[in-house]
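Asker: Sequence and predicted structure are below.
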Amino acid sequence: MEGINFLDLFQGIATLAASEPKIMFGRIFLMLLGFLLIYLGSKNVLEPLLMIPMGLGMSSVNAGVMFLDAKRMGTLFVDPLLADPIDLMNIMQIDWLQPVYTLTFSNGLIACLVFMGIGVLLDVGYVMARPFQSMIIALFAELGTIAVFPIAVGLGLNEGQSAAVATIGGADGPMVLFTSLVLAKDLFVPITVVGYLYLGLTYGAYPYLIKWLVPEHIRGISMVEDRGPKISRQQKLTFAVVACTLLCLLFPVAAPLFFSLFLGVAVRESGIDAFTKLLSEVFLYAATFFLGLTLGVLCEANTLLEPTVLKLLLLGMLALTISALGGLLGGYILYFWSGGKFNPIVGIAGVSCVPTTAKIVQKVASAANARAIIMPQALGANISGVITSAIIAATFIALLRQ
């Protein structure tokens, strides 16, 4: 074994030592952050379906840096900046996640697959039973998207980049991915990574925000008496078909997303069990797994330590915070409008991400009053939030696409 250079053998350590201090500490921080995401996912503090593959991918990609040709540092996971078709075909045989990234992630297909799976989970009857209440909450819960756009422009991002990062306020991962892919290709990877990272972290912080701003006796208001009209399966199918066609007609630029979402709804309400199982158990879980894994391995220190990313981090946090405050504001307006019968924390559920935020507000309400039931109203706001964030993203794309 004489003559072996152990730094050549253990290249992860060698590249760490050879990196600039900023990159070295960034890699170590991201490895530890990956551990934290896995831990919080395993404890169900954050969404485990996304956080466990994302956390492991983040740790592994920052650990597995090696010397490539001409002493260039890189990994064998994925190269998000690869554009030359010949280089791409060659590297797809080596970088094991490159086919997943190139054929599903970088073209937005994975967002459509996730939306099909989400559509199967949506019971649009909750929106149809309380349409105006759900729409008001959803509109207020988009406040972060609207407010952050001019702020981002003021910080020096161009309008496309500003719109892409502002959509983080809609708290809908596939929408952030799709919008940044169309409007901000140069920042597509960091915006999407920041968006998904914050979505997971924010859901852990929302219960504390609610407890800080809403007194316990109001958090525990039960809305069990508000049952709403019974909506038949045929009515839900009709709504899905009409809404899909109308939104595609108005916003062809986002037609793939609308089609994917309402296709899932139509399959559910048509009672096609084989397709329902395919979309909800295969497409959704497979797409979520590879989405988390790909996002994790895109979290390289070299990508995330760009100066622009600091702006994205601040703007993403601001967008989600303002959206939550907007949702609570809408909830409080309905609380006073109803004479104290509406639980204002339902407003948080308007910040999209079905059904996570709805589950959060039900959990907070139950902690304040074990008999409190607000899930039907929360799901109505939740589903309306998905549709509203898709409409706002489509509006941005229609107005700003070059």
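Answerer: That came through fine.
Asker: how near is Gly330 to Val182?
Answerer: The gap separating Gly330 from Val182 is 29 Å, by CB to CB, to the nearest Å. Yep, even glycine has a C-beta here, placed from its N, CA and C like the rest.
Asker: So these two - more neighbours on which side?
Answerer: Each of Gly330 and Val182 has its neighbours counted (other CB atoms under 10 Å); Gly330 has more, 26 against 21.
Asker: The host helix or strand of that one: which residues count as buried?
Answerer: Secondary-structure element containing Gly330, defined by DSSP states H and E: helix 307-337. If you call a residue buried by 16 or more other CB atoms under 10 Å, then helix 307-337 has these buried ones: 308-309, 311-335.
Asker: tell me what the stretch of helix or strand Ala287 belongs to is packed against?
Answerer: Element membership of Ala287 [criterion: DSSP H and E] is helix 284-297. Applying 3 or more CB pairs under 8 Å, 6 or more residues apart in numbering; DSSP states H and E, one finds that helix 284-297 makes contact with helix 48-63, helix 98-100, helix 109-121, helix 188-213.
Asker: hmm, who's touching it?
Answerer: Identification of contacts with helix 284-297 by CB atoms under 8 Å, 6 or more residues apart in numbering yields 34, 49-61, 75, 77-78, 97, 100-101, 104-105, 110, 113-114, 116-118, 120-121, 173, 192-193, 196-197.
Asker: coming back round to it: and the helices and strands packed on helix 284-297: which comes nearest Ile392?
Answerer: Ile392 lies closest to helix 188-213 among the helices and strands packed on helix 284-297, at 14.5 Å (CB to CB).
Asker: how many degrees apart are the closest one and helix 109-121 in direction?
Answerer: Helix 188-213 and helix 109-121 meet at an angle of 40 degrees, taking axes from the mean of the first three to the mean of the last three CA atoms, to 10 degrees as the criterion.
Asker: Please state the offset of helix 188-213 from the chain centre?
Answerer: Centroid displacement of helix 188-213 relative to its chain, using CA atoms, centre = their mean, to the nearest Å, is 9 Å.
Asker: Next, the angle from that helix to helix 307-337.
Answerer: Going by the same axes, to 10 degrees, helix 188-213 makes 40 degrees with helix 307-337.
Asker: low-confidence ranges in the stretch 251-400 of the chain?
Answerer: Applying pLDDT under 70 to the stretch 251-400 of the chain flags no residue at all.
Asker: For Val153, which residues are in contact?
Answerer: The contact partners of Val153, by CB under 8 Å, 6+ apart, come to 159, 162.
Asker: Okay, and it sits in which element?
Answerer: Following DSSP H and E, the helix or strand that holds Val153 is helix 143-154.
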